[in-house]
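Colleague: Build me a model from this:
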Amino acid sequence: SGSSGRCSSPPPVSATSSGKAPCSGSTTVYRESKGLPAIEALAAGTPVVLPEHGAFPELVAETGGGLLHRPEDPLHLAERLAELLCGPELATRHGMAGRDAVHTQRTSARMAEQTIALYRRLTAA
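Modeller: Modelled structure (predicted):
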């Protein structure tokens, strides 16, 4: 944290020079079990701001791809979005970490390997 939620010259919110959104936020009140839209944003290198419930804390911890906000707290969500919008280095660091993690840890081959390993553990018990 440490950000007051303000910066002297915030970038345009529409898109960066690369044409992609500078960050992605979610305000869902549902405790999502997977968070596919968040995973898709991470895969594209877009840092995320997600509610601290459901699968999101684990997703952010595993990927390093973003920040968490208190659920149902729009002011905290705005503060966290401002951290990324006003801190391009932070946004870039989270975006790159998220992209790299999704492309290495969440591939179909990796999921198949983990599923087979789980089945083997369950049938060996």
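Colleague: Please make it C-alpha for all contacts and neighbour counts, starting now.
Modeller: OK.
Colleague: Name the surrounding residues that touch the lowest-mean-pLDDT helix or strand in the chain.
Modeller: Between all helices and strands in the chain, the lowest mean by mean pLDDT, DSSP states H and E belongs to strand 24-25, at a mean of 70. Applying CA atoms under 8 Å, 6 or more residues apart in numbering, the external contacts of strand 24-25 come out as Ala38, Ala41, Thr46, Pro47, Val48, Val49, Leu50, Leu77, Leu81.
Colleague: just checking, what packs against the following helix or strand past that strand?
Modeller: Beyond strand 24-25 in the direction of the C-terminus, DSSP states H and E gives the next helix or strand as helix 36-43. The helices and strands touching helix 36-43, judged by 3 or more CA pairs under 8 Å, 6 or more residues apart in numbering; DSSP states H and E, are strand 48-51, helix 88-105.
Colleague: Toward the C-terminus from the shortest one, list the very next helix or strand.
Modeller: Just to be clear, that refers to strand 48-51. Strand 48-51 is succeeded, C-terminally, by helix 56-63 (DSSP H and E).
Colleague: element containing Leu67?
Modeller: Counting by DSSP H and E, Leu67 is found in strand 66-69.
Colleague: Name the residues linked to the residue positioned nearest the centre of the chain by a beta bridge.
Modeller: Taking CA atoms, centre = their mean, the centroid of the chain lies closest to Val48, which sits 3.6 Å from it. Under DSSP bridges, the beta-bridge partners of Val48 are Ser24, Gly66.
Colleague: Look up how far Ile39 lies from it.
Modeller: From Val48 across to Ile39, the span is 9 Å (CA to CA, to the nearest Å).
Colleague: would you turn the helices and strands packed on helix 36-43 into JSON lines with distance to Gln114?
Modeller: As requested, those are exported to JSON lines (distance: least, CA to CA, whole Å):
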{"stretch": "strand 48-51", "distance to Gln114": "25"}
{"stretch": "helix 88-105", "distance to Gln114": "10"}
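Colleague: highest average neighbour count across those?
Modeller: Highest mean neighbour count of those: strand 48-51, a mean of 27 (counted as mean count of other CA atoms under 10 Å).
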